[in-house]
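K.L.:
Just to be clear, the model below is a prediction. Sequence and coordinates:
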Amino acid sequence: MLTSQQIRQAFLDHFAKRGHAIVPSAPMVVKDDPTLMFTNAGMNQFKDLFLGNRPAKDKRIADTQKCLRVSGKHNDLEEVGIDTYHHTMFEMLGNWSFGDYFKKEAIQWAWELLVDTYQIDPTNIYATYFGGDEKDGLPADDETRDLWLKVMPAERILPFSKKDNFWEMGDTGPCGPCTEIHVDVRSAEEKAAKPGRDLVNNDHPQVIEIWNNVFMQFERKADGSLHTLPAQHVDTGMGFERLCMVLQGKRSNYDTDVFQPLIQAIAKQCGIAYGAAAPDEMPGQARHDVAGGKSDIAMRVIADHLRAISFAIADGQLPSNTGAGYVIRRILRRAVRYGYSFLGFNEAFMHTLVPVLVDQMGDQFPELKKQQDIIANVMHEEEKAFLRTLEQGTKRIGQVLAEASGTIPGDKAFELLDTFGFPIDLTQLIAREQGREVDMKGFDAELKKQKDRSRAATSVITGDWVEIAKGETTFIGYDELSCDARILRYRKVSGKGGDQFQIVLDRTPFYAEGGGQVGDQGWLIHGDDKVEIIDTKRENQLIVHFAKRIPADPSAPLKAHVNTRRRALTARNHTATHLLHHVLREQLGTHVEQKGSLVAPDRLRFDISHFAKVTPEELAAIESAVNAMITDDIVFEDLRNVPIAEAKAMGAMALFGEKYGDNVRVVKFGPSVELCGGTHVPRTGVIGPFRIVSEGALAAGIRRIEAVTSAEAERMISEKLAKLDAISALLKNPADVVVAVEKLVEQHASLSKELEKAAKEKVKSLAHELPGKAKKNAKGMKVLVERLDLDAQSLKDLGYQLREQHTDLALVVGSVIEGKPLLAVSIGKEFAEATGVKAMDLIKQISPEIKGGGGGQPDFATAGGKEPSGMAKALEKAAELLR
């Protein structure tokens, strides 16, 4: 039986022998395509070749690409792990032809690989083809059908509609018919009972698609019309995990050696054998393809998600609350939740599995080995944080259950998810344990509202490119900041912020956002017509200039002019990040690596791998060393088109999560040597002063340093000196300002202690005096409603003391401190038992009088407000309610 490593290598060798260049996987995290957060298909890294934005260096390419999918057809995150064959992170084996071979060779080589190399029984193979589409005016792809007829009988060659057999990159762009290859791995008895052809494209877990061959013949325009492409391309993708299932004779992807090492490690940790549990559907599911019990599903979820999280972090994407970072956090939390709910993992556990994954996949993907410690540490901190969230959510759901009678309202269930990150199925599980249900219609309605708001905020309508002239963009921005140019094409983009135009030039000095550096701004000028460029970005290798309007005559020659002041300040900050990186590695250790950066005209931000806080003394030494390199006035050495191996031999560092070509640009400032495509100063002396503004933790093992240079550093220094002069003047210009301030702080601390002591004495005295003023209510319990001059802490202390000393007493106190009204309610145990009054309910009834709100516990609650004049009415109302 072939191992997964042998299967992968056999694919690459097969296509290498047929003239394909074998290229490495692109990062899973996408950086230069605004339409994607993650690589979700093998073709993503070649998108600009299909779009014609740059010529193909190699006409034939093959690779294995790490991909991530969490939405779309069959890829709802909540489905992964339930069945046997869908995943978040997966490998896609692919071969491509850019204007070279087409259908004949693609089908022939696919057949040779599957039948001759992998020895799959040809009687188990089915092929589908495009059956035509009347709306698009497209006939059936008979050419593909006839090619398959050369190697298999007609009964195993099946036509399907556009939905299944016509692939499109998006709403617009290259597209074409495709042929899918399916394999039937059922038992002989199952095959005899029902032919495989009846189960193709029917979501059967053992009659599955393993390979899709797309034949790109057309381009879809914004109006929906199809235009034939000038060159025809082949784009194929084969699911590696599914292929391993077929070749290793398994009935589930998770039973292959791709997943079993992880699953067995999880099983060992939790003490539950994988595959031992009887099938047991998850909440709300009744599915023919659910495999195993809840513990099996949980192990599959964890094994799958661990891979996705590890690869994302290795490629530089840390968990966060927005964008791609939120997707990774959501995946991690789903895995933790399954471990918590079904495997008994009450403490962080996933980080301990990282070495198993690295041992299994680190040779093919060296970034996993290199980043192993970072991956484990980030994962560990995220796990601990979410386990605390689960604990808080469990307390909150207890309150919700106590407050709600019968069904839990959908808006409350959504609040648990939205505010606490508490998953809905866990809310359902806890509710069922209490014999309760969740209003899922109400929950779904709230979820839909949130999705609609998010969709509306990000909705963009992109028009077709209007082509003025043919050609490619030449970037001259390293050497020139102004040049003659012509518009090649432009398009209109409409979104929430209004209309914008995207413009592509034949020559441009504008630097497109990349490598952490912001894009250039400037102008396109033709006579009196001056169009402002508000940003420059790179989209699939295309340099795109953003403007509010296009020139009056788009075909006229232009002068492209960069905002030189802004560029100069940005270049100073970019060079400063290189100097900072070098000094950090020199002073903190060579384990320090760049994990992210922002280079703007007014500031720089630098994220590094480092497992401890950088001390004030270390920061001072780092700042001093960077300034020394600036003072040395080191000359910039700009080495372009250097072979990647030669650049690495020079000591230039390649960053994980970045994709480099065969030739690279090396940026050298003395001992600082980096691969970089950004803009820099001609010599370090131009930078001016460098000042570190802050240092802090971004994630486990990741520190963030923020700094300023040049004019911004000078402004900061001047501002601090002015403040120092002002403080000195307030202190009557002492000989040593620091000593004078220290003395003042000591005096303040001493006075604060005296005030605190006095406040406690006052509370003690009131606790002794006030009960004598209490009046009995209808139930014979004591009620005391008073207005006092106490701060929030003293109100709390008084309430706690009286609650313990006088269990039959209800106390309501109002106070106004510096114009802000405060209310506090304390209910003794005996009073509560006799009357059923709860402090939190009473505070909600009286706090509207001071235009405020609050909350708390049944025995003590507080509220703050905005209207002190309502205090008397609030206390009156309290007395009435407690009477």
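P.N.:
Yep, that arrived.
K.L.:
pLDDT weak spots in the stretch 1-150 of the chain?
P.N.:
32-35, 71-76 (pLDDT under 70).
K.L.:
ok, now the chain?
P.N.:
Ranges of the chain meeting pLDDT under 70: 32-35, 71-76, 277-292, 457-458, 656-657.
K.L.:
Could you give the bridge partners of residue 823?
P.N.:
Taking DSSP bridges as the rule, residue 823 bridges to residue 814, residue 863.
K.L.:
In this structure it contacts residue 877, no?
P.N.:
No. Residue 823 lies out of contact with residue 877 (CB atoms under 8 Å); the separation is 10.6 Å. Placement of C-beta: from N, CA and C, glycine included.
K.L.:
neighbour count winner among those two?
P.N.:
The neighbour comparison of residue 823 against residue 877 (other CB atoms under 10 Å) goes to residue 823, with 26 against 19.
K.L.:
What residues does that one make contact with?
P.N.:
Going by CB atoms under 8 Å, 6 or more residues apart in numbering, residue 823 touches 812-814, 843, 846-847, 850, 852, 854, 862-865, 874.
K.L.:
change it to 7 Å
P.N.:
Residues in contact with residue 823 (CB atoms under 7 Å, 6 or more residues apart in numbering) are 814, 843, 846-847, 850, 862-863, 874.
K.L.:
Next, give me the two most distant ones among the residues you listed.
P.N.:
Greatest spatial distance among these (CB to CB): 862 and 874, at 12.7 Å.
K.L.:
any idea how far stretch 621-637 is from the chain center?
P.N.:
35 Å (CA atoms, centre = their mean, to the nearest Å).
K.L.:
Give the residue farthest from the middle of this structure.
P.N.:
residue 772 (60.8 Å; CA atoms, centre = their mean).
K.L.:
give me phi/psi at that residue?
P.N.:
phi -70, psi -20 (degrees, to the nearest 10).
K.L.:
sorry, back to before: which of residue 862 and residue 874 has more residues huddled nearby?
P.N.:
Higher neighbour count among residue 862 and residue 874: residue 874, with 26 against 22, using other CB under 10 Å.
K.L.:
sec struct for that one, please.
P.N.:
helix (DSSP: H, G, I helix; E, B strand; the rest coil).
K.L.:
circling back to that earlier point, kindly reformat the contacts of residue 823 as a markdown table containing distance to residue 684.
P.N.:
Below are these laid out as a markdown table (distance: CB to CB, whole Å):
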| residue | distance to residue 684 |
| --- | --- |
| 814 | 64 |
| 843 | 62 |
| 846 | 66 |
| 847 | 61 |
| 850 | 60 |
| 862 | 57 |
| 863 | 59 |
| 874 | 65 |
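K.L.:
Name the nearest of the residues you listed relative to residue 778.
P.N.:
residue 846 (19.0 Å).
K.L.:
Distance-wise, check the spatially closest residue to that closest one that is not a sequence neighbour relative to residue 805.
P.N.:
For residue 846, ignoring the flanking residues on the chain, the nearest one in space by CB to CB, 6 or more residues apart in numbering is residue 874 at 4.6 Å. Going from residue 874 to residue 805 by CB to CB, to the nearest Å gives 25 Å.
K.L.:
cool, and residue 745?
P.N.:
Residue 745 is 38 Å from residue 805, by CB to CB.
K.L.:
Kindly report the same for residue 565.
P.N.:
Residue 565 is 70 Å from residue 805, by CB to CB.
K.L.:
on that earlier part again, residues shared between the contacts of residue 823 and residue 877?
P.N.:
Joint contacts of residue 823 and residue 877 (CB under 7 Å, 6+ apart) are residue 846.
K.L.:
can you confirm residue 376 is in a helix?
P.N.:
Yes. Secondary structure assignment places residue 376 in a helix (three-state DSSP).
K.L.:
neighbours around the closest residue to residue 389 other than its chain neighbours, how many?
P.N.:
Spatial nearest neighbour of residue 389, excluding adjacent residues (CB to CB, 6+ apart): residue 421 at 5.1 Å. Neighbour count for residue 421, taken as other CB under 10 Å: 18.
K.L.:
quick one, what contacts residue 421?
P.N.:
333, 386, 389.
K.L.:
TSV for the residues you listed, including secondary structure and neighbour count?
P.N.:
Below are those laid out as TSV (DSSP: H, G, I helix; E, B strand; the rest coil; neighbours: other CB atoms under 10 Å):
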residue	secondary structure	neighbour count
333	helix	23
386	helix	22
389	helix	17
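K.L.:
Name the residues that touch stretch 629-642?
P.N.:
Contacts of stretch 629-642 (CB under 7 Å, 6+ apart): 478, 579, 663-670, 680-685, 687, 690.
K.L.:
make it 8 Å
P.N.:
478, 575-576, 579, 582-583, 647, 650, 663-670, 672, 680-685, 687-690.
K.L.:
Run a quick neighbour tally on residue 468.
P.N.:
Neighbour number of residue 468 under other CB under 10 Å is 17.
K.L.:
List the contacts of it.
P.N.:
486-490, 554-555.
K.L.:
Narrow these to those in strands?
P.N.:
487-490 (DSSP state E).
K.L.:
Highest neighbour count among those?
P.N.:
Neighbour max across those (other CB under 10 Å) = residue 487, 24 neighbours.
K.L.:
Am I right that it is in contact with residue 505?
P.N.:
Yes. Counting by CB under 8 Å, residue 487 touches residue 505, with 6.2 Å between them.
K.L.:
if I look at the two, which residues touch both of them?
P.N.:
Contacts common to residue 487 and residue 505, judged by CB under 8 Å, 6+ apart, are residue 558.
K.L.:
what separates stretch 490-502 from the chain centre, distance-wise?
P.N.:
Worked out by CA atoms, centre = their mean, stretch 490-502 lies 25 Å from the chain centre.
K.L.:
My error: substitute stretch 373-393 in the last question.
P.N.:
The answer for stretch 373-393 is 16 Å, by CA atoms, centre = their mean.
K.L.:
List the buried residues for that stretch?
P.N.:
374-383, 385-387, 389-390, 393 (16 or more other CB atoms under 10 Å).
K.L.:
for stretch 253-260, how far is the first residue from the last?
P.N.:
9 Å (CA to CA, to the nearest Å).
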